[in-house]
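J.: Below are the sequence and a predicted model; questions follow.
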Amino acid sequence: MKLDLFYTPIHKIKIDLSKIKLDSGPYVKTFDSKTPSTISTDNKLSSYSKKYLLEIFKEHLPFEKIELLNIWKNKYSHGDYQEIHVHAQSSFSFIIYEKIKECNTVFLNPAWKQIVCNFDDSFLNTSKIINCSTGDMLIFPSYLEHYVKKHEEEAITISGNIKVDLNKK
């Protein structure tokens with residue numbers, strides 16, 4: 001019998017991109033990787049789009065109160081990447097793949113540092129790429145370390161963070 005001892009919920013959802021209206025400030029080279037992003041600029045999500053996203057979050061997350069904290073765009077060109085990171089001070093994070101040919105987002109096992117000290121990747125997987133395409137959204141716990149491998153072609157993602165009231169439904 002195989003048991004999953006520590007479960008990490010990741011939701012993959014096909015969304016309607018035409019319902020996402022995000023007015024973003026200019027792309028600025030941010031993070032250590034210098035990937036162009038609007039994370040530090042003014043991003044305005046239409047009220048219709050916010051309502052649409054909150055409905056999706058409430059459908060997939062078992063919490064009564066869900067708050068959208070922030071949202072931004074990332075634009076990847078040939079050679080652009082994103083270093084290993086988490087989304088601090090939020091409960092869950094999400095990535096919407098607005099324009100993508102190949103998914104380069106890599107999620108790391110929460111114990112990957114301990115695993116690589118004792119085993120090689122053939123025994124316990126330390127990373128996973130979820131096959132995503134344009135119009136897919138991933139929702140995942142904000143503590144989950146992840147990164148973006150170097151891109152070969154242009155890609156655009158919309159990322160954001162949400163906070164939940166820990167009182168379940």
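T.: In hand now; what should we look at?
J.: bridging residues for Cys29?
T.: Just so we're on the same page, residue 29 is Lys rather than Cys. Pro36 (DSSP bridges).
J.: quick one: least confident helix or strand in the chain?
T.: helix 112-118 (a mean of 67; mean pLDDT, DSSP states H and E).
J.: where does this structure have low pLDDT?
T.: Scanning the chain for pLDDT under 70 picks out the ranges 2-5, 111-117, 120-124, 167-169.
J.: Break down it into its strands, ranges please.
T.: 11-14, 22-24, 28-30, 35-37, 43-45, 66-76, 82-85, 92-99, 105-108, 127-129, 136-141, 146-148, 155-164 (DSSP state E).
J.: What is the fourth one packed up against?
T.: Applying 3 or more CB pairs under 8 Å, 6 or more residues apart in numbering; DSSP states H and E, we find strand 35-37 packed against strand 28-30, strand 66-76. All C-beta atoms are positioned from the backbone trio N, CA, C, and that covers glycine.
J.: Let me know which of these is tucked in deepest.
T.: Stretch with highest mean neighbour count among the helices and strands packed on strand 35-37: strand 66-76 (a mean of 19; mean count of other CB atoms under 10 Å).
J.: Show me the contact partners of that one.
T.: Under the contact criterion CB atoms under 8 Å, 6 or more residues apart in numbering, strand 66-76 has outside partners 22, 24, 27, 35-39, 41, 43, 45, 50, 53-54, 57-58, 82, 90, 98, 104, 148, 151, 154-165.
J.: Go again with 7 Å.
T.: 22, 24, 27, 35-39, 43, 45, 50, 53-54, 57-58, 90, 151, 154-164 (CB atoms under 7 Å, 6 or more residues apart in numbering).
J.: PyMOL command for the buried members of the residues you listed?
T.: Here is the PyMOL selection string for the buried members of the contacts of strand 66-76, based on 16 or more other CB atoms under 10 Å:
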select buried, resi 22+24+27+35+36+37+38+39+43+45+50+53+57+90+151+155+156+157+158+159+160+161+162+163+164
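J.: Mind naming the longest helix for the chain?
T.: Secondary structure assigned by DSSP state H gives helix 47-60 as the longest helix of the chain.
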